[in-house]
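Student: Fold the following for me, if possible:
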Amino acid sequence: MKTIPLLLLAALGAGFRASAADTTFTVTKRYINLPVSQRSERSVMKFSVNGAEDRHFRIRLSAEPDYWVFVDAGAWKGKKLRVEFEGGKEGLGMIYQDDRIAGQDSLYREHRRPQYHFSTRRGWINDPNGMVFYEGEYHLFYQHNPYEREWENMTWGHAVSRDMVHWEELPVALHPDKTGTMFSGSAVIDHDNTSGFGKPGKPAMVALYTADSPDREVQCVAYSLDKGRSWTKYAGNPVIDSKEKWNSKDTRDPRVFWYAPSKHWVMVLNERDGHSIYTSHDLKKWDYQSHVTGFWECPDLFELPVDGDPDNRKWVMYGASNTYMIGQFDGKTFTPEHGKFYFSAGSIYAAQTFNNIPASDGRRIQIGWGRIPQQGMPFNNMMLLPTELTLRNTKDGPRLFSYPVREVLQLRDSSQKWAQLTTDEANRRLADFGNDDQLYIKTTIRLSHATDAGLSLSGQRLIGYDMNFNMLNGMFYSPQNPTSMELTAEIWLDRSSVEVFVDGGAFSWSAERKADAGNTEGFRFWGNNVTVISLEVARVRGIWP
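Tutor: Down below sits the predicted model:
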């Protein structure tokens with residue numbers, strides 16, 4: 001790896017001055033590849049295109065890289081690019097341009113790479129942002145540091161999919177600017193051109209996002225007229241600056257949607273100690289309306305029918321930790337009736353639902369950030385499976401359920417099924433699958449006089465249910481039949497993660513897939529006098545080319 005860039009530098013000619021703390025060259029290739037080491041200190045790098053500064057960021061540039069990251073330079077072809085770096089000049093001499101990213105040959109086949117969950121090619125990802133469906137594409141934007149595997153330089157990464165399963169990563173959508181770095185937000189399709197950003201027959205995709213600076217967090221607007229491929233930031237930014245109102249810098253993560261009964265836009269914004277409601281008629285001028293305390297970061301607010309009944313609808317408000325309230329919303333004020341409750345726990349954080357899902361579909365679809373570390377990889381973290389959210393009546397009242405969308409099922413190979421097994425018999429059936437990277441397992445277990453039972457993989461508990469304390473994987477869980485001794489779980493195992501959906505989505509849990517050191521026992525049902533009523537196992541295909 002260390003010799004290839006030098007050869008390419010020679011091919012680029014004298015215009016690429018490897019020994020200087022800055023260098024200028026003509027962009028002729030798609031990517032600028034940058035060497036990075038976690039052992040190096042961060043320093044500022046600036047890119048200027050034809051004499052005008054385009055971006056600056058902090059990077060751990062190194063002449064002895066642990067891995068390589070890249071900048072998509074496709075829009076700069078034929079232009080002069082000046083690269084300035086405030087750190088040591090040695091790493092600068094390793095930079096090279098190519099039509100392939102460094103490490104292309106092993107891309108998506110790295111040993112920690114999730115095989116059917118979205119992860120970015122290089123760098124860090126966290127909160128999903130701007131999730132919107134438009135003209136056959138599901139858009140997933142996300143918090144992204146393209147320049148190393150740890151958090152920094154928040155931009156909006158971007159990927160699209162036709163089925164929420166197979167994803168194509170696109171160039172970064174929103175870069176930091178003089179207002180701040182690009183924190184979380186949402187996106188809408190302005191069908192009626194209320195903003196004036198659109199053109200005849202071409203509604204704007206409008207992003208509302210937080211710009212973060214050392215002093216404050218303000219809300220800003222950007223728009224796209226080419227299905228999210230390029231963006232223009234609104235000249236009137238910021239559109240909300242509420243630091244003084246709340247005496248707090250914590251004013252972020254705008255979640256915007258159209259409220260049809262009143263024909264206005266609604267923004268749910270996390271401010272200091274909860275979620276505020278703002279309204280607007282043009283996506284630019286916003287009026288404060290109300291506030292609900294008790295939430296932190298990344299709000300969402302949406303309406304769902306209870307048990308599919310269109311005449312019995314409730315609104316759900318939640319925050320980044322996936323605690324939620326159920327209540328009513330009149331376009332300006334959310335009035336809680338039930339809550340707060342959990343419906344999902346573990347690695348999930350900052351989940352968001354899609355805007356603009358067609359009425360003919362009608363689903364409320366969520367994707368959450370999976371805080372799953374990818375040790376030693378040039379990428380870090382992932383997105384969890386897309387799930388459909390529904391409200392269902394339970395013994396405790398209406399509750400939120402989360403279950404994988406039907407599109408995910410296409411990844412399963414034909415399954416093997418067994419019934420009425422002892423734990424020893426079930427363990428023998430599972431023995432052939434202990435080393436598989438990608439598996440789907442569905443099982444129903446019946447406890448007898450066991451007080452603690454479940455299923456483990458090489459020492460890691462995938463299901464751990466204590467019926468005495470009603471604890472499931474560390475969280476309180478009470479089955480719909482409070483005297484039931486049965487539990488059904490669907491388990492999705494990927495190369496570095498596990499997701500578990502219990503009793504049809506009444507509770508879900510996710511975590512890093514992490515075997516105990518030296519444990520080679522594979523799958524094991526455990527517990528006293530446990531019956532495995534049913535067991536289904538299927539291998540799961542990957543999504544990458």
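Student: what about the helix or strand hosting Thr444, average pLDDT?
Tutor: Per DSSP states H and E: Thr444 is located in strand 439-446. Computed over strand 439-446, the mean pLDDT rounds to 97.
Student: State the pLDDT value of Asp452.
Tutor: Reported pLDDT for Asp452: 86.
Student: same question, Ala21
Tutor: On the pLDDT scale, Ala21 gets 82.
Student: need the contact list for it.
Tutor: Contact partners of Ala21, counting by CB atoms under 8 Å, 6 or more residues apart in numbering, are 84-86, 89, 92. C-betas here are computed from N, CA, C, even on glycine.
Student: quick one: which of those has the most company?
Tutor: Leu92 (24 neighbours; other CB atoms under 10 Å).
Student: what's the spacing between the residue nearest to that one when sequence neighbours are not counted and Asp72?
Tutor: With sequence-adjacent residues excluded and distances taken as CB to CB, 6 or more residues apart in numbering, Leu92 is closest to Phe85, at 5.1 Å. Taking CB to CB, to the nearest Å as the measure, Phe85 falls 19 Å from Asp72.
Student: And for Arg541?
Tutor: Applying CB to CB to Arg541 and Asp72 gives a distance of 28 Å.
Student: Regarding Ser195, what is its secondary structure?
Tutor: Look at Ser195: counting by DSSP: H, G, I helix; E, B strand; the rest coil, its state is coil.
Student: okay, now it: neighbour count?
Tutor: 20.
Student: can you pull the contacts of it?
Tutor: 204, 206, 221, 223, 282-284.
Student: contacting residues around the host helix or strand of Phe302?
Tutor: Under DSSP H and E, the secondary-structure element containing Phe302 is strand 300-306. With contact meaning CB under 8 Å, 6+ apart, strand 300-306 is reached by 255, 257, 266, 268, 275, 312-318, 329, 334, 351-353, 364, 389-393, 398.
Student: Report the buried members of the residues you listed.
Tutor: Among the contacts of strand 300-306, those scoring as buried are 255, 257, 266, 268, 275, 314-318, 329, 334, 351-353, 364, 389-392, 398 (criterion: 16 or more other CB atoms under 10 Å).
Student: could the contacts of Ala21 go into JSON lines alongside pLDDT and distance to Val306?
Tutor: Output for the contacts of Ala21, formatted as JSON lines (pLDDT from 0 to 100; distance: CB to CB, whole Å):
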{"residue": "Glu84", "pLDDT": "95", "distance to Val306": "58"}
{"residue": "Phe85", "pLDDT": "95", "distance to Val306": "57"}
{"residue": "Glu86", "pLDDT": "93", "distance to Val306": "57"}
{"residue": "Lys89", "pLDDT": "84", "distance to Val306": "64"}
{"residue": "Leu92", "pLDDT": "92", "distance to Val306": "60"}
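Student: So which of these is the closest to Ser510?
Tutor: Phe85 (38.7 Å; CB to CB).
Student: Please list all residues in contact with that closest one.
Tutor: Shown in contact with Phe85 (CB under 8 Å, 6+ apart): 21-22, 43-46, 59, 61, 91-92.
Student: Kindly recompute the last result at 10 Å.
Tutor: 20-23, 34, 43-46, 59, 61, 91-92, 95 (CB atoms under 10 Å, 6 or more residues apart in numbering).
Student: show me where the stretch 51-200 of the chain has strands.
Tutor: Ranges of strands in the stretch 51-200 of the chain, per DSSP state E, counting those that start in this stretch, are 52-59, 67-72, 80-85, 96-98, 123-134, 137-145, 155-161, 167-174, 181-190.
Student: what does the helix or strand hosting Gln289 contact?
Tutor: Take DSSP H and E as the rule and Gln289 turns out to sit in strand 287-293. Strand 287-293 has contacts (CB under 10 Å, 6+ apart) with 240, 242, 245-246, 264, 266-269, 271-281, 299, 301, 317, 319, 325, 327, 329-336.
Student: what about 8 Å?
Tutor: So strand 287-293 is in contact with 242, 245, 271, 273-280, 317, 325, 332-334, 336, going by CB under 8 Å, 6+ apart.
Student: same for the strand holding Thr444, what does it pack against?
Tutor: Here strand 439-446 touches strand 453-457, strand 486-493, strand 531-539, going by 3 or more CB pairs under 8 Å, 6 or more residues apart in numbering; DSSP states H and E.
Student: Ok, which of those strands comes nearest Arg216?
Tutor: Nearest to Arg216, of all the helices and strands packed on strand 439-446, is strand 486-493, at 40.6 Å by CB to CB.
Student: Would you mind listing the buried residues in the closest one?
Tutor: Buried, per 16+ other CB under 10 Å, within strand 486-493: 487-493.
Student: that older thread, among the contacts of strand 287-293, name the ones in helices.
Tutor: The helices, defined by DSSP state H, take in Lys245 from the contacts of strand 287-293.
Student: Filter the contacts of strand 287-293 down to the buried ones.
Tutor: 242, 271, 274-280, 317, 325, 332, 334.
Student: Tell me where the stretch 401-545 of the chain has strands.
Tutor: 416-422, 439-446, 453-457, 460-466, 471-472, 475-476, 486-493, 497-502, 507-512, 523-526, 531-539.
Student: Next up, the contacts around Trp151.
Tutor: 124, 126, 145.
Student: Which of those sits closest to Ser106?
Tutor: Nearest member of these to Ser106, counting by CB to CB, is Trp124, at 19.2 Å.
Student: separation between the closest residue to that closest one other than its chain neighbours and Met485?
Tutor: In space, and not counting its chain neighbours, Trp124 is closest to Asn145: 4.1 Å by CB to CB, 6+ apart. Per CB to CB, Asn145 is found 47 Å from Met485.
Student: count of residues packed around Ala515?
Tutor: The burial count for Ala515: 15, using other CB under 10 Å.
Student: Contact partners for the residue nearest to it when sequence neighbours are not counted?
Tutor: Excluding its sequence neighbours, the residue lying closest to Ala515 (CB to CB, 6+ apart) is Ser458, at 3.5 Å. Counting by CB under 8 Å, 6+ apart, Ser458 touches 434, 515-516, 519-522.
Student: Let me have these in JSON lines, extended by distance to Gly51 and pLDDT.
Tutor: Below are these laid out as JSON lines (distance: CB to CB, whole Å; pLDDT from 0 to 100):
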{"residue": "Gly434", "distance to Gly51": "60", "pLDDT": "88"}
{"residue": "Ala515", "distance to Gly51": "54", "pLDDT": "82"}
{"residue": "Asp516", "distance to Gly51": "58", "pLDDT": "84"}
{"residue": "Asn519", "distance to Gly51": "59", "pLDDT": "85"}
{"residue": "Thr520", "distance to Gly51": "61", "pLDDT": "84"}
{"residue": "Glu521", "distance to Gly51": "64", "pLDDT": "88"}
{"residue": "Gly522", "distance to Gly51": "61", "pLDDT": "92"}
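Student: Let me know which of the strands of the stretch 51-200 of the chain is the nearest to Gly454.
Tutor: strand 123-134 (29.9 Å).
Student: Next, Val165: phi, psi?
Tutor: Backbone geometry at Val165, expressed as degrees, to the nearest 10, gives phi -120, psi -50.
Student: and it, how far is that from Leu140?
Tutor: Going from Val165 to Leu140 by CB to CB gives 12 Å.
Student: Settle it for me: which of these two has more neighbours?
Tutor: Counted by other CB under 10 Å, Val165 and Leu140 do not tie: Leu140 has more neighbours, with 25 against 20.
Student: contact partners of the strand holding Thr444?
Tutor: Contacts of strand 439-446 (CB under 8 Å, 6+ apart): 412, 415, 426, 430, 433, 453-455, 463, 485-493, 525, 527, 530-540.
Student: Now do Pro398 against Ile463, distance only.
Tutor: Taking CB to CB, one finds Pro398 at 26 Å from Ile463.
Student: Kindly export stretch 394-409 (C-alpha atoms) in PDB.
Tutor: This file holds the C-alpha atoms of stretch 394-409, laid out as PDB (Å, rounded to 0.1, in the frame of the first residue of the first chain):
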ATOM      1  CA  THR A 394     -52.300  -5.100  24.600                       C
ATOM      2  CA  LYS A 395     -53.300  -6.100  28.200                       C
ATOM      3  CA  ASP A 396     -51.600  -2.800  29.300                       C
ATOM      4  CA  GLY A 397     -53.300  -0.600  26.600                       C
ATOM      5  CA  PRO A 398     -52.000   0.500  23.200                       C
ATOM      6  CA  ARG A 399     -48.300  -0.200  22.700                       C
ATOM      7  CA  LEU A 400     -45.800   0.300  19.900                       C
ATOM      8  CA  PHE A 401     -44.500  -2.800  18.100                       C
ATOM      9  CA  SER A 402     -41.400  -3.000  15.800                       C
ATOM     10  CA  TYR A 403     -40.900  -5.800  13.300                       C
ATOM     11  CA  PRO A 404     -38.600  -6.200  10.200                       C
ATOM     12  CA  VAL A 405     -40.200  -5.000   6.900                       C
ATOM     13  CA  ARG A 406     -41.300  -7.600   4.500                       C
ATOM     14  CA  GLU A 407     -38.500  -6.700   2.100                       C
ATOM     15  CA  VAL A 408     -35.900  -8.200   4.400                       C
ATOM     16  CA  LEU A 409     -37.500 -11.700   4.000                       C
END
